[in-house]
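S.K.: please work out how this folds:
(chains A and B)
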Amino acid sequence: MILETAAERRALLDRSHTIAMVGASPNPTRPSYFVFSYLRTRGRVEIAPINPTITEIDGVRAYPSLAAYAAERGAPDIVDVFRRPQEAPQVAREAVAIGAKAIWFQYGVVNEEAIRIADEAGLDVVVDRCIKVETARFDGNLALGGINTGLLTAKRRAR
Amino acid sequence: MSDRSFGFRTRALHAGTPPDGETGARALPLHLSTSFVFDSTEHAAELFALRTYGNIYSRIGNPTVAAFEEKLASLEGGLGAVATASGLAAQLCAVLALAQNGDHLVATANLYGGTITQFSVTLRRMGIETTFVPAGDLDALRGALRENTRAVFTETIGNPSGNVADLAAIAEIAHAAGVPLVVDNTFATPYLCRPIEHGADIVVHSATKFIGGHGTVLGGAIVESGRFPWGAGKHDLLATPSPGYHGLNFVETFGEYAFLTRARAEVLRDVGAAISPMNAWLLVQGLETLALRMPQHVANARAVATFLRGRDEVAWVSYGDLPDSPERTLAQRYLPLGAGAVFTFGLRGGREAGRAFIESLELWSHLANVGDAKSLVIHPASTTHQQLSDEELTAAGIGPDMIRLSVGLEDAEDLIWDLERGLAAAKRVAEVAK
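M.R.: Take a look at the predicted model:
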């Protein structure tokens, strides 16, 4: 199912504990590193880089492929995709093959075929969003940057 | 949580200001703290590298200020906001996030005098040149755009001439040249006009005016739509490695947040024009009642403008809501709930009549501000726009007979009673002069 609403994205993040990040870079100026570092230091999820050209990022072991990750750790709750749009269908096929529960296409990773592959296989799909921004939107941190989170509530945030 | 699209009044009360997570405080806590402790050295490093969100030092960000920013961004329909010490600080930071030495801006000529001097004196000295084009002359605007132009600047409602900008047409011209439209929305407030809905990319405010609403504190803000393609080639400051952040490319790393991140983390950080949390707190109080105050400002302004238009002592009244105003068509399109509460009129009898008029008023405060709950009056040619040359005054549409009113929330009959006394005094002076 393609998740269109903030409530659906929040529910996905709340129920997810493992994230395999395809295309994670150890280069500290790359967007994927910003996302990796935020999720790692925040500490609520186990995040693993999927990148055949590296062995680790900040002491977190990298896996050469989604299959290698799944062989050791089972299916991840979310496969987070930092690849060129034309490579997204292959990542989607691999995510389906290992039984991932959801696939998250980062900003600009928009490919209709990839979306269809994942959606038809029953994965939850998020498109053209940033998993760091959405995580920070719901944990209250994004608001500290003066960003319009779109969240209105008269309830106290769970601590 | 729900995905409902809440209305303006609901967002004015709730956006950015949920109950405090730590204490449950229902009102926005005032965080008068210059600085904030880190959880660990790693947390500190992540904060300084912009990899995580959080508070470091109140020159860059503060939780009370952030609440004001989010509330205003929500009301304007923007991605986010950066608050500043004043409206002029907001403009400066917005320009410096887009342009540097050797770059160029195009602005409509009918702007607040302080904006004109900021652009034509201070920014010019810094190597950023501005071409001013007559308000409403879209061909002149198109013709003034250059290869090194980085932005187009206008005011929703011109100060003080009251002309209404054709925002959609100006945005289209700016976008065709690959540059953003920056709109000063101070006079309209997001209650009367939301420029982003008409194609603007950046909105700046002097929150000192109607947003604060009570003439108490200074503040400003930049709101951005998040829609402008900063990486399309015209904005190297955002799309090439920054020496201010170890070679960080803001567009590549922050995507739609590139402009807001640079405006805060590099420009506001280095310029130092931060707003006080106390001021931000009071501006949040102001936003909560904006939707109640603005209709009353507009109703009083209409009553006063209609009264003045019927008086012999008055040569002309420039208010976009009057049926015969040349701004009427644009006002109805962009300001359907009213053309604001600041407008001008011409008093017969010259400078002396103007002096007698202002000095004989009892309720209208003679001062250099607008957007107070109290009614205000001023003679722009000798005050707010005094630094302008005769040429600039003409271009800005300011004659020596012009009186500017900022209509407040008093009883309209009392405001009109006072103006009648002022007009009588002006008439006596004018007759003696004859």
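
S.K.: quick one: the host helix or strand of residue B:66 near chain A?
M.R.: If you go by DSSP states H and E, residue B:66 is part of helix B:63-76. Yes. Counting by C-beta under 8 Å from any C-beta of the partner chain, chain A has neighbours in helix B:63-76: B:63, B:65, B:66, B:67, B:69, B:70, B:73, B:74. The C-beta positions use only the backbone N, C-alpha and C, and glycine is treated the same way.

S.K.: how about that helix, which residues are buried there?
M.R.: B:63-76 (16 or more other C-beta atoms under 10 Å in any protein chain shown).

S.K.: please name the nearest non-neighbouring residue to residue 145.
M.R.: Went with chain A since none was named. Counting by C-beta to C-beta, 6 or more residues apart in numbering or on different chains, residue A:145 lies nearest to residue B:53, which is 5.2 Å off, once chain neighbours are set aside.

S.K.: um, chain B though
M.R.: Residue B:145 sits nearest to residue B:177 (C-beta to C-beta, 6+ apart), 4.5 Å away.

S.K.: that neighbour against residue B:149, yeah?
M.R.: Yes. The pair residue B:177 / residue B:149 is scored as a contact, 6.4 Å apart, by C-beta atoms under 8 Å.

S.K.: compare those two (neighbour count), which wins?
M.R.: Remark: of residue B:177 and residue B:149, residue B:149 carries more neighbours, 21 against 16, as counted by other C-beta atoms under 10 Å in any protein chain shown.

S.K.: and the more buried one, what does it touch?
M.R.: Residue B:149 makes contacts with B:103, B:104, B:105, B:106, B:177, B:179, as judged by C-beta atoms under 8 Å, 6 or more residues apart in numbering or on different chains.

S.K.: same question for residue B:274.
M.R.: By C-beta under 8 Å, 6+ apart, the neighbours of residue B:274 are B:58, B:59, B:60, B:62, B:65, B:84, B:85, B:268.

S.K.: I'd like to know how far the closest residue to the first one other than its chain neighbours sits from chain A.
M.R.: Taking C-beta to C-beta, 6+ apart as the measure, residue B:58 lies nearest to residue B:34, with 5.3 Å between them; neighbours along the chain are not counted. Using C-beta to the nearest C-beta, to the nearest Å, residue B:34 is found at 16 Å from chain A.

S.K.: residue B:34: how many residues sit nearby?
M.R.: 10.

S.K.: got a list of contacts for the helix or strand harbouring residue B:291?
M.R.: For residue B:291, the host element (DSSP H and E) is helix B:290-309. Residues outside helix B:290-309 that contact it (C-beta under 8 Å, 6+ apart) are B:8-9, B:12, B:75, B:189-192, B:210-211, B:213, B:314, B:317, B:319, B:321-322, B:337-343, B:345, B:373, B:375, B:405, B:407-410, B:412, B:415-416, B:419.

S.K.: that helix versus helix B:63-76: what angle between them?
M.R.: Counting by axes from the mean of the first three to the mean of the last three C-alpha atoms, to 10 degrees, helix B:290-309 lies at 60 degrees to helix B:63-76.

S.K.: follow-up on the earlier one: which one among the contacts of residue B:274 gets closest to residue B:40?
M.R.: residue B:60 (19.6 Å; C-beta to C-beta).

S.K.: quick check: residue B:354 vs chain A, distance?
M.R.: 43 Å.

S.K.: tell me the contacts of that residue?
M.R.: B:347, B:379, B:401, B:403, B:426.

S.K.: ok, of the residues you listed, which one's closest to residue B:112?
M.R.: Nearest to residue B:112 among these, counting by C-beta to C-beta, is residue B:379 at 15.4 Å.

S.K.: my guess is the closest one contacts residue B:399, does it?
M.R.: No. The pair residue B:379 / residue B:399 is not scored as a contact, 10.7 Å apart, by C-beta under 8 Å.

S.K.: more crowded one of those two?
M.R.: Legend: neighbour count by other C-beta under 10 Å for residue B:379 and residue B:399, higher for residue B:379 (22 against 14).

S.K.: who's in contact with the more buried one?
M.R.: Applying C-beta under 8 Å, 6+ apart to residue B:379 gives the contacts B:354, B:355, B:358, B:402, B:403, B:404.

S.K.: who does the helix holding residue B:66 touch, helix- and strand-wise?
M.R.: helix B:8-14, strand B:80-84, helix B:189-192, strand B:220-224, helix B:277-288 (3 or more C-beta pairs under 8 Å, 6 or more residues apart in numbering or on different chains; DSSP states H and E).

S.K.: what's the pLDDT at residue 119?
M.R.: Just going to use chain A. You'll see residue A:119 listed with a pLDDT of 97.

S.K.: my question was about chain B
M.R.: Reading off the model, residue B:119 has pLDDT 98.

S.K.: then residue B:50?
M.R.: 88.

S.K.: hmm, back to that, is it true that the residue nearest to residue B:58 touches residue B:57?
M.R.: Yes. In this structure residue B:34 lies within contact range of residue B:57 using C-beta under 8 Å: 6.6 Å.

S.K.: right, and out of the contacts of residue B:149, which lies closest to chain A?
M.R.: Each of the contacts of residue B:149 was checked against chain A using C-beta to the nearest C-beta; the closest is residue B:179, at 22.5 Å.

S.K.: can I get the buried residues of helix B:63-76 in a markdown table with pLDDT?
M.R.: Shown next, in a markdown table, are these (pLDDT from 0 to 100):
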| residue | pLDDT |
| --- | --- |
| B:63 | 97 |
| B:64 | 98 |
| B:65 | 98 |
| B:66 | 98 |
| B:67 | 98 |
| B:68 | 98 |
| B:69 | 98 |
| B:70 | 98 |
| B:71 | 98 |
| B:72 | 98 |
| B:73 | 98 |
| B:74 | 98 |
| B:75 | 98 |
| B:76 | 98 |
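
S.K.: farthest-apart pair in those residues, please.
M.R.: Pairwise distances across these (C-beta to C-beta) peak at 20.6 Å, for the pair B:63 and B:76.
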